[in-house]
Every structure is written in C-alpha cells, then in structure tokens.
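[1] Pasting the sequence and the predicted coordinates here, then a few questions.
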Amino acid sequence: MSDTSPVYRDITLSISPRSVVFPGDPPVAVESFSCVQEDGCNTSQIRFSLHTGTHLDAPLHLIDGAPGVDGVDLDVLIGPAQVLDFGDWPRGIDADQLARRWIDGTERVLLKTGSSRLLSAGIFTDEFGYVQVDAADFLIRSGVRLVGIDAISIDGMTAADLPVHRRLLEAGITIVEALVLEDVPSGAYELICLPIKVEADGAPVRAVLVECPAQRQT
C-alpha cells in the first residue's frame with residue numbers, strides 16, 4: 001500500500017554570518033541586544049541585504065514604482081511546481097534545453113543546476129547555473145508565473161544589466177533565487193514559498209516542497 005502522508009522538503013538556505021552574499025552586498029550581522037541573565041530574555045537584531053539566502057525578487061527590484069514583495073499574490077507563491085534537473089550545469093540554460101524538459105501547463109518551475117551545493121557549504125563561486133535570454137523568452141511564452149533557481153542569481157555573473165531579471169519581472173513573473181535543490185529529484189511538487197511581508201524590492205523566503213504521494217514507490 002502506498003504511503004499517502006506528505007513529505008516536506010525544506011529547500012531554503014539558513015541565514016547566518018556564514019551566509020554567501022552576492023559580491024558588493026553587505027555581509028550578514030546578527031547581534032544580541034538583550035540576554036536572559038541581565039534582561040530576562042534573549043533578543044537579537046539582524047542586518048543583511050534582502051537578497052541574501054533563498055529570496056524572492058519583486059518587480060520593484062528593477063522597475064521603479066512597480067509592486068514590491070507585499071504586492072506579490074499569494075496564489076503565485078503557493079501551488080503546483082515542476083523541478084527540472086539540468087545536472088551539474090555551471091553555465092547558461094538555453095531555450096532548447098528548457099524545451100526538451102518542458103511540461104505543458106507549468107506555472108511554477110524550479111531549475112536545478114547543481115549550484116546550491118556550494119551555497120549550502122558557505123562557498124561563493126562565479127561559475128553557477130543561470131538562465132540565458134532566449135530561455136527567459138521561452139518561459140514568458142510558456143505562461144509561467146514563478147521561476148526559481150538553485151543559484152545565487154538567475155543572470156550570469158557577466159550580465160551587468162540583468163537582462164533575464166528584467167524580462168521576467170517586466171512580464172510579471174516572480175523570481176526566487178538560491179533554492180536548495182541538490183537532493184530534490186525532478187518531478188511534480190506542491191510549492192510553498194512565503195516571504196516576509198515587507199514593502200521592499202526583495203525578501204527572504206521559507207521555501208518548502210510538498211512531495212506528491214503518487215511519486216513515491218511502495
């Protein structure tokens with residue numbers, strides 16, 4: 001008999017002073033300002049870029065006057081998702097590679113490139129999987145609402161003008177970066193990807209995949 005209980009996969013990087021940050025972003029600083037011994041409770045503050053760790057990019061990230069994180073619809077952030085596996089792919093994903101793996105009707109897609117392994121270990125590299133412009137155009141034509149990737153950026157390191165970010169955000173597609181996908185097989189899941197409700201251009205998310213019971217073997 002099949003096990004019908006759900007399996008939850010946490011695909012979120014923890015945020016700590018050891019977190020990898022994009023070059024030029026401030027490092028994470030966690031500081032205590034009260035303690036149990038002196039004040040009766042432990043209380044801390046944290047300082048970091050809102051694009052640290054597993055995070056969401058809202059349209060405001062690149063478009064002045066566009067909606068921020070607080071304007072992203074919840075029905076974009078919760079729902080069926082497909083994980084597409086590109087193996088260890090520290091280079092750009094093009095439209096042909098996407099098309100060979102594509103499943104019609106996909107609205108939320110998570111791209112697995114092997115790039116989160118180093119992020120999870122606190123190691124930065126400028127060689128990571130990213131999306132090429134023709135693949136971004138493919139995603140827009142396909143009607144996706146959310147695109148996630150297991151790399152620190154959906155654009156490559158040399159893409160100073162962030163063309164993939166811009167195309168996707170201008171099309172109203174939500175971007176989620178730095179997902180942890182190394183142990184996640186390709187296939188169909190339910191995605192829950194909720195950010196802090198902050199009036200800003202980005203925010204950390206707690207991203208979880210709920211495994212479809214039909215995928216699991218008896």
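    All right, it came through fine.
[2] ok, N42 touching V30?
    No - counting by Cβ atoms under 8 Å, N42 sits too far from V30 to count as a contact (11.6 Å). The C-beta positions use only the backbone N, C-alpha and C, and glycine is treated the same way.
[3] Using the three-state scheme, assign the residue lying farthest from the centre of the chain.
    Largest separation from the mean C-alpha position in the chain: E38, at 39.3 Å (Cα atoms, centre = their mean). With DSSP: H, G, I helix; E, B strand; the rest coil as the basis, E38 sits in helix.
[4] That one and D25: what is the separation?
    Distance, E38 to D25, by Cβ to Cβ, to the nearest Å: 33 Å.
[5] and if you look at S16?
    From S16 across to D25, the span is 15 Å (Cβ to Cβ).
[6] Show me where this structure has its strands.
    For the chain, the strands defined by DSSP state E cover 7-10, 29-34, 43-47, 55-57, 78-85, 92-93, 108-112, 130-131, 146-149, 174-177, 187-195, 202-211.
[7] Output the first one as PDB, nothing but the C-alphas.
    Output for strand 7-10, consisting of C-alpha atoms alone and laid out as PDB, is shown next (Å, rounded to 0.1, in the frame of the first residue of the first chain):
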ATOM      1  CA  VAL A   7       6.800  14.500   2.600                       C
ATOM      2  CA  TYR A   8       8.000  18.100   3.200                       C
ATOM      3  CA  ARG A   9      11.300  19.100   1.600                       C
ATOM      4  CA  ASP A  10      12.800  22.300   3.000                       C
END
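[8] Show me which residues of it are buried.
    Along strand 7-10, these residues count as buried under the neighbour rule (16 or more other Cβ atoms under 10 Å): R9.
[9] And the contacts of that strand?
    Strand 7-10 is contacted from outside by 180, 183-184, 189, 206-211, 216, using Cβ atoms under 8 Å, 6 or more residues apart in numbering.
[10] pLDDT on it, on average?
    Mean pLDDT, strand 7-10: 96.
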